[in-house]
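Enquirer: here are the coordinates; sequence isn't available:
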């Protein structure tokens, strides 16, 4: 991954300092909000609009993110107004302050329908998506009772870091043309990391707002969750990457949800596809002699110490690879007498 990243071009090698914005292209501003995770920031973009600035993604509903917004609005944006917000997907670091921004500034929301509806589900029926659904899911795949309870013990802490979403919104979907000021953006969507994550392309200016679908130095988390335990999330993600490679020119400036903006879109897409192929190869090698559960595969694929937050993500990602390999016929499922699913290489 580092070798490929070194082949990319980063026009702004340093991110904006806290409380500042960086002009990243004509009529496009970039700043960052803090996250309390190993991935410690999310990128926010402001796009010049009629009478002010459109907001692309919002940050978490934490005191730190609200304070960072206040610093931006009192500093580099002093005297200017926000006009609308576009949220790429339902993850809390992207949608978390949508309700707050809507109520504070009266901003209308544009968002893909599945992302908006899932945000509502998490907001109004969190119990339906909680421990009672997750416990048998994790246990079926070999996670010990102790680790299962640690992962579930986080409850909806991550998901609760949102201020809700407005009760009405504007739906954006694949193929739409979205007008922001004098510009028209093509809307693309892709799954795997989220449900139907929105991306924006401005072909004349060679700008590609990639959200979390293509990031320079890390692979976006592609997970399977208890609600859709047999989903081929990885297959969906790989299909999206290939579609992006076919439809978005390689000379675009990529403006991702995390990390640095970069040139080298097709190079990075190729590296992400290869990264997941290598992961599948590791799983095939591990399951060749003895059938293994997803829980047993996690420390073989993620060879570092994981906290409960990271364990949940790692578990979901390994299962995404297993489901993809099952569908391709590369693995076979064996369920033991205790009801634990294990996989062997075919």
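Expert: Received it, and whenever you're ready, just let me know what you need. Predicted model, so just to flag it, every value in this text is computed and none were measured.

Enquirer: Residue 194 should be in a strand, yeah?
Expert: No - counting by DSSP: H, G, I helix; E, B strand; the rest coil, residue 194 is not part of a strand but coil.

Enquirer: Quick one: residues contacting it.
Expert: Residue 194 makes contact with 88-91, 115, 212, according to C-beta atoms under 8 Å, 6 or more residues apart in numbering. In this view, the C-beta of every residue, glycine as well, is placed from N, C-alpha and C.

Enquirer: so what's the backbone phi/psi at it?
Expert: Per-residue torsions, residue 194: phi -130, psi -160 (degrees, to the nearest 10).

Enquirer: Kindly report the same for residue 167.
Expert: Dihedral angles (degrees, to the nearest 10) for residue 167: phi -80, psi -10.

Enquirer: now do the one 10 residues further on
Expert: Its backbone dihedrals place residue 177 at phi -110, psi 120, with angles given as degrees, to the nearest 10.

Enquirer: Could you do the one 10 residues further on as well?
Expert: Recorded main-chain torsions at residue 187 are phi -90, psi 130, according to degrees, to the nearest 10.

Enquirer: If we ignore the residues flanking it in sequence, what's nearest it?
Expert: Among residues not flanking residue 187 along the chain, residue 176 sits closest, at 4.1 Å (C-beta to C-beta, 6 or more residues apart in numbering).

Enquirer: tell me, how many neighbours does that neighbour end up with?
Expert: By other C-beta atoms under 10 Å, the residues close to residue 176 number 17.

Enquirer: For it, give its distance to residue 228.
Expert: Residue 176 sits 26 Å away from residue 228, going by C-beta to C-beta, to the nearest Å.

Enquirer: middle-most residue in the protein, spatially?
Expert: residue 212 (4.4 Å; C-alpha atoms, centre = their mean).

Enquirer: List the buried residues for stretch 320-331?
Expert: Residues 320-326, 330-331 are the ones in stretch 320-331 that count as buried (16 or more other C-beta atoms under 10 Å).

Enquirer: outside of it, which residues touch it?
Expert: 222-224, 230-235, 237-238, 276, 279-280, 283-284, 287, 294, 297, 301, 332-333, 343-346.

Enquirer: Keep only those of the buried residues of stretch 320-331 that are in helices.
Expert: Among these, the members found in helices (DSSP state H) are 320-326.

Enquirer: where exactly do the helices run in the protein?
Expert: With DSSP H as the criterion, the chain has helices spanning 2-7, 63-74, 92-95, 98-105, 113-124, 131-140, 145-153, 233-247, 265-286, 294-301, 308-328.

Enquirer: Single out the most deeply packed of the ones you listed.
Expert: helix 92-95 (a mean of 28; mean count of other C-beta atoms under 10 Å).

Enquirer: what sits up against it?
Expert: By C-beta under 8 Å, 6+ apart, helix 92-95 touches 33, 35, 42, 57-61, 87-89, 111, 115, 119, 158-159, 161-162, 165, 211-212, 257.

Enquirer: List buried members of those residues by neighbour count.
Expert: Applying 16+ other C-beta under 10 Å to these flags 33, 35, 42, 57-61, 87-89, 111, 115, 119, 158-159, 161-162, 165, 211-212, 257 as buried.

Enquirer: Residue 18 contacts residue 69, correct?
Expert: No - between residue 18 and residue 69 there is no contact under C-beta atoms under 8 Å: 11.5 Å.

Enquirer: For the closest residue to residue 287 other than its chain neighbours, give me the pLDDT.
Expert: Computed as C-beta to C-beta, 6+ apart, the closest residue to residue 287 that is not its neighbour in sequence is residue 345, at 4.6 Å. We have a pLDDT of 98 for residue 345.

Enquirer: Let me see the contact set for residue 345.
Expert: Here residue 345 is in contact with 284-285, 287-288, 330-332 (C-beta under 8 Å, 6+ apart).

Enquirer: farthest-separated two in the buried residues of stretch 320-331?
Expert: Comparing every pair within the buried residues of stretch 320-331 by C-beta to C-beta identifies 320 and 330 as the most remote, at 13.8 Å.

Enquirer: so how far is residue 172 from residue 89?
Expert: Distance from residue 89 to residue 172, by C-beta to C-beta: 12 Å.
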